[in-house]
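Peer 1: have a look; sequence and predicted model below, questions after that.
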Amino acid sequence: MAIEAQPQMPRVWRAETKPHKFCPGCGHGIILKALGEAIDALNIQQRAVFGCDIGCSLLAWDFFNLDTIQTHHGRTTPVLVGLKRARPELLAICYMGDGGAYAIGAQHLVSSVSRNDPVTIIVANNTQYAMTGGQMAPTTLPGQKTETSPYGRDVELTGRPMLGPELVATIAPSGAYVARGTVANVVQLKNFIQKGLSNQLKGRGISFIEVLSACPTNWHTNAAETWHFIEKEMSKFFPVGELRTPDGEQRQEVEHRGRQP
Amino acid sequence: MSIAFKAITTRDGKGIFHLFPALCKGCGLCVEKCPVDTIGWAKQLGAFGTPVVEPGHGRPCIACKKCQLVCPDAAIWIEKQAPQERSDRLTSNDRKSR
Amino acid sequence: MGVSLKIALAGEGGQGVQSVAEIISEAAYTAGYQALYIPNFGVEQRGGVSLAFVQISREQIGAPKFMLADVVVALSHRAVDRSRQYVGPETLLIYDESLRDEVRSLYGTEQKQLAIPALVVAQQEMHPRVFNVIILGVLMQVADLLERSHVERALERRLGHKFAQDPSLRELNYRALERGYQMGKGGVAV
Amino acid sequence: MVTKPIKGEQRSFMTGNEVIAWAALAAGCEFMYGYPITPQNEIMHYWTRLAPKYERGFLQTEDEISAGFTTIGGVLAGKRVFTATAGPGNVLMQEAMAMAEMMRLPTVVVVTQRGGPSTATVIYSQQELNLTSFGGNGEGLRIVYSPASHDDLFSYTIKAFNSAWKYRFPTFVLGDGYQSKMRAPVTLYDPEERGLTMEPCYPMVGLPGLPGEEREPAHLRNTYNLEEELFAILSDSIKDYESMTPEVVEWEATAIDDAELLIIAHGIVSRAARAAVQVLREEGLKAGLFRPITLRPFPVAELRRLTGQARRLIVVESAYGQLEKMVKTALYGLKIPLRSYLRPGMGITPEEIVQFAKEL
């Protein structure tokens, strides 16, 4: 029996490249598991093209049994947008970190959202630049220590944590799906990602899912502290839930307008 | 799946706990998420030469699968054990009181 | 003049310098010449002097711009000054009569010159907007390189869509062209 | 297959930017990605007017970084696609082109050089030779064509697609603002009617068959963990580049057989140089012209061979020694005096070259 038991990896995971290259306790593994299950559930392995960025996300370049393109910093979005424009029948999944999405690639994100490009963007938010050794990112929490904010992030000098999904939800045209999930709630996360991919399948518009993720290596946290940071610290600044759903378009639009000064 | 992973299988409470040492990096996320504290460190070493996890350190497994869900490496598979096959609760309690 | 002609046209934006250059080069092209036209298109194109360089030749044309022109056409105060670098000892300078003083003070009387009262004629006899077509006629008469039919065909191609909207414009433009040819006849041979 | 825009041969009188748009159409290019910058803009203007009539696509991106990377996306999708840029836009686009170089992606970029550095002028220069040939953090494994006329613009834009897809190196048509904006005669044609077969394009992702089961998934990356890994990959690319070179290099020689004074110029400056050679010959000076058409790879062997009996060399360019550097590298060891007429950001006329040559 012991010989027969096999890991319950999503079908689309590539077993040959496991264990994957991410650090112990890294949130990427959890997000990519949720993504893999969503791909399995929608049965889109044949059509999906996975793009990853520079930064830790690049370690996923051989993660899936999916055609995969590892791109440049923050450029995953334009590469897959270019692909999708040329081959609309493909399903484009852009996977990147908060640095790629909100700093160096922010212009691509904003423009892609405003064009309502039919791609699915998944952003792992771990509050810092991980691959480069833990520098401050747009998402770093106030007071959080990083290699470039060694005394804690001073919001007076460096701003407050960037709210990606809120930004996207504000500027996205109708048809967009926007949500923020967390690796602490995998069932919900898979559901969000699946809804995002469905949105692309239905050709309604862009889908954007930020995921509160874990980086024990650069956070210097043990497992208990990791969960505490995600569930108690990050959630103070980054509320989890759906921000835009095409199904609730009317209501959302009204609320949206209501927020205008 | 063209490659096979070897499992360490432990029956505990309502669950059959399959742990794949070749995948387990010993991050401990599952340890903290277990509602019955049954997961703890084993002597066996895993993918990165760090201890892997095993059940039997707390109250019996309730097969909620939270550990499996949060494992970033798909190193845990929980099967629900049929009622008649469940392991002896006392054994688990004994361990806890040890 | 042989079978090679270098023309530099200079005027204010809106005076129609580029249209004239386009019509001439297109006419030369349809007449079987090698032709090349390039506008000066710096940031200056907004609010600066508008310059156009046209070359017509039987031979292959080298660089798109040139140091000295065979003919320089200057249509405004600023254009007289701006086009000076293209005027050599052999260059014919065609300018609107209203600019005589500027031209005299810059070039003296040695330069081959042709002053044309195009502005006045356009204003009094036709419409200020056909000022450039009068200049086109003058230039084509003086250059004596292209048949009138080629010039008219190029004019139609450039302005045909406007003529279609307002047929009276066609008559006006042809009258301006004819007037230009007449005024050119009194001019200096290039 | 997309609808053919040109049947037979069409003589036309138009701007270079329009020629490029027609060339891309004639080549069967299916998509253009672009971002506005002078003097390239009218390529997009013509393309966006013509493209829908021939079932081609266009995407205006948020910047040249994106234009470069969306072009890469189109290439990966297996489409014949291109973009166009100039000056500061070319600087931004180098990031994507470095990735294309690493991943051997057949991108096609038309560069319409303007003055530099930075914003400089929107008019003209030959100052983007270094950038286009060697931009990016790599070795400059690119193909760079330097057209000199509207007919060249048409032919080499078509050829750029073929060379890119045949050899899989990023390919550039290095034009300039003058060529973009000037109106001149051109003959447009359908490449297939001239017996030119367009190199087939093929998708690199989104292939048939279930990845991982019916076929290996395409795992395309531009990152490597080990220096040995990278070195092996680059060595392969360099080998490919060098073996392709004799097939790809193009040059043009005028009045070269008995030339004692050899003028070397590329692009539109070569036209002025050719006119200058004619004048110098009429005046009894044995002048000749060597015009590299490919600047990468550079026709090194051909230049060395043709430099043979020359007693003097003159490099003429609208840049401060960018071509000169390539020429000197190519002619390393030869003891022929070389003088250069360098006019960064300035147009060059035949008269200037004649004067410079006579003063030597």
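Peer 2: Ah, there it is. Numbers count the residues shown, from 1 in each chain, chains lettered A, B, ... in the order given.

Peer 1: hey, let's count contacts and neighbours off CA atoms from now on
Peer 2: Will do.

Peer 1: quick check: pLDDT value at the residue of the stretch 101-250 of chain D found nearest chain C.
Peer 2: Here the stretch 101-250 of chain D gets closest to chain C at one residue, residue D:182, 4.3 Å apart by Cα to the nearest Cα. Note on residue D:182: pLDDT of 96.

Peer 1: how many residues are close by it?
Peer 2: Per other Cα atoms under 10 Å in any protein chain shown, the neighbour tally for residue D:182 reads 24.

Peer 1: which residue is nearest the middle of chain A?
Peer 2: residue A:123 (2.0 Å; Cα atoms, centre = their mean).

Peer 1: which residues sit in contact with the residue of the stretch 101-250 of chain D closest to chain C?
Peer 2: By Cα atoms under 8 Å, 6 or more residues apart in numbering or on different chains, the residues touching residue D:182 are C:36-39, C:64, D:14-16.

Peer 1: at 6 Å instead, please
Peer 2: By Cα atoms under 6 Å, 6 or more residues apart in numbering or on different chains, the contact set of residue D:182 is C:37-38, D:15.

Peer 1: out of those residues, who's nearest residue B:10?
Peer 2: Comparing those against residue B:10 with Cα to Cα places residue D:15 closest, at 77.6 Å.

Peer 1: once you drop chain neighbours, what's closest to the closest one?
Peer 2: residue D:183 (4.2 Å; Cα to Cα, 6 or more residues apart in numbering or on different chains).

Peer 1: what's the burial count for the nearest residue to residue C:11 once chain neighbours are set aside?
Peer 2: Spatial nearest neighbour of residue C:11, excluding adjacent residues (Cα to Cα, 6+ apart): residue C:75 at 4.8 Å. By other Cα under 10 Å, the residues close to residue C:75 number 29.

Peer 1: how close does residue C:75 get to residue C:102?
Peer 2: For residue C:75, the distance to residue C:102 equals 11 Å [Cα to Cα, to the nearest Å].

Peer 1: for residue C:144, same thing?
Peer 2: 27 Å.

Peer 1: residue of the stretch 151-261 of chain A nearest chain B, please.
Peer 2: Per Cα to the nearest Cα, the residue of the stretch 151-261 of chain A with the smallest distance to chain B is residue A:223, at 5.1 Å.

Peer 1: residues contacting that residue?
Peer 2: Residue A:223 touches B:28-29, counting by Cα under 6 Å, 6+ apart.

Peer 1: is the residue in chain B that chain A sits nearest to in a helix, a strand, or coil?
Peer 2: Here chain B gets closest to chain A at one residue, residue B:72, 4.1 Å apart by Cα to the nearest Cα. Secondary structure for residue B:72, judged by DSSP: H, G, I helix; E, B strand; the rest coil, is coil.

Peer 1: that one and residue A:32 touch, don't they?
Peer 2: No - under the criterion of Cα atoms under 6 Å, residue B:72 makes no contact with residue A:32, lying 8.3 Å away.

Peer 1: which one's more surrounded, the two?
Peer 2: residue B:72 (31 against 21).

Peer 1: mean confidence score for the helix or strand that residue B:32 is a member of?
Peer 2: Under DSSP states H and E, the secondary-structure element containing residue B:32 is helix B:29-33. Averaged over helix B:29-33, pLDDT sits at 97.

Peer 1: what lies in contact with it?
Peer 2: A:223-224, B:39, B:67.

Peer 1: report the contact partners of residue A:79.
Peer 2: By Cα under 6 Å, 6+ apart, the contact set of residue A:79 is D:69-70, D:73.

Peer 1: confirm that it sits in a strand.
Peer 2: No - assignment of residue A:79 by three-state DSSP gives helix, placing it outside any strand.

Peer 1: mind pulling up the pLDDT for it?
Peer 2: Reported pLDDT for residue A:79: 98.

Peer 1: ok, residue C:60 next?
Peer 2: For residue C:60, the predicted pLDDT is 89.

Peer 1: where's it, which helix or strand?
Peer 2: Per DSSP H and E, there is no helix or strand for residue C:60.

Peer 1: now secondary structure, distance to residue D:85 and pLDDT too, for the contacts of helix B:29-33, in CSV please.
Peer 2: Output for the contacts of helix B:29-33, formatted as CSV (DSSP: H, G, I helix; E, B strand; the rest coil; distance: Cα to Cα, whole Å; pLDDT from 0 to 100):
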residue, secondary structure, distance to residue D:85, pLDDT
A:223, helix, 50, 97
A:224, helix, 52, 97
B:39, coil, 59, 97
B:67, helix, 53, 97
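
Peer 1: of those, just the buried ones, PyMOL syntax please.
Peer 2: To isolate the buried subset of the contacts of helix B:29-33 in PyMOL, counting by 16 or more other Cα atoms under 10 Å in any protein chain shown, use the following:
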select buried, (chain A and resi 223) or (chain B and resi 39+67)
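
Peer 1: isn't residue D:175 right up against residue D:110?
Peer 2: No - counting by Cα under 6 Å, residue D:175 stays clear of residue D:110, with 7.1 Å between them.

Peer 1: okay, those two: which has more neighbours?
Peer 2: A count of neighbours by other Cα under 10 Å puts residue D:175 above the other of residue D:175 and residue D:110, at 31 against 26.

Peer 1: just give the nearest non-adjacent residue to residue C:151, would you?
Peer 2: residue C:27 is the one closest to residue C:151 (Cα to Cα, 6+ apart), at 5.1 Å.

Peer 1: before we move on, the earlier item: gap between the residue nearest to residue D:15 and chain A?
Peer 2: For residue D:183, the distance to chain A equals 32 Å [Cα to the nearest Cα, to the nearest Å].

Peer 1: contacts only, for that residue.
Peer 2: So residue D:183 contacts C:36-37, D:14-15 (Cα under 6 Å, 6+ apart).

Peer 1: so what's the residue count around residue A:115?
Peer 2: 15.

Peer 1: now the residue nearest to the centre of chain A: which helix or strand?
Peer 2: strand A:120-125.

Peer 1: show me what that strand is packed against.
Peer 2: The contact analysis (3 or more Cα pairs under 6 Å, 6 or more residues apart in numbering or on different chains; DSSP states H and E) places strand A:120-125 against strand A:91-97, strand A:207-212.

Peer 1: give me the next element, helix or strand, following the longest one.
Peer 2: Think strand A:91-97. helix A:98-99.

Peer 1: for the record, mean pLDDT for that following helix?
Peer 2: Mean pLDDT, computed over helix A:98-99, is 96.

Peer 1: just the residues contacting it, thanks.
Peer 2: By Cα under 6 Å, 6+ apart, the list of residues contacting helix A:98-99 reads A:125, A:137.

Peer 1: re the thing from before, let me know the closest of the contacts of residue D:182 to chain B.
Peer 2: Out of the contacts of residue D:182, the member with the shortest distance to chain B (by Cα to the nearest Cα) is residue D:15, at 58.7 Å.

Peer 1: and the closest one, what pLDDT?
Peer 2: Reported pLDDT for residue D:15: 97.

Peer 1: do a quick rundown of the strands in chain C.
Peer 2: Along chain C, the stretches classed as strands by DSSP state E are C:4-12, C:34-39, C:49-57, C:71-74, C:92-96, C:112-116.

Peer 1: any idea which of those strands gets closest to residue A:234?
Peer 2: Closest to residue A:234 of the strands of chain C is strand C:34-39 (Cα to Cα; 59.4 Å).

Peer 1: who in chain B is up against chain D?
Peer 2: Counting by Cα under 6 Å from any Cα of the partner chain, no position of chain B is adjacent to chain D.

Peer 1: how much distance is there from the strand holding residue A:123 to the middle of the chain?
Peer 2: A distance of 2 Å separates the centroid of the chain from that of strand A:120-125, by Cα atoms, centre = their mean, to the nearest Å.
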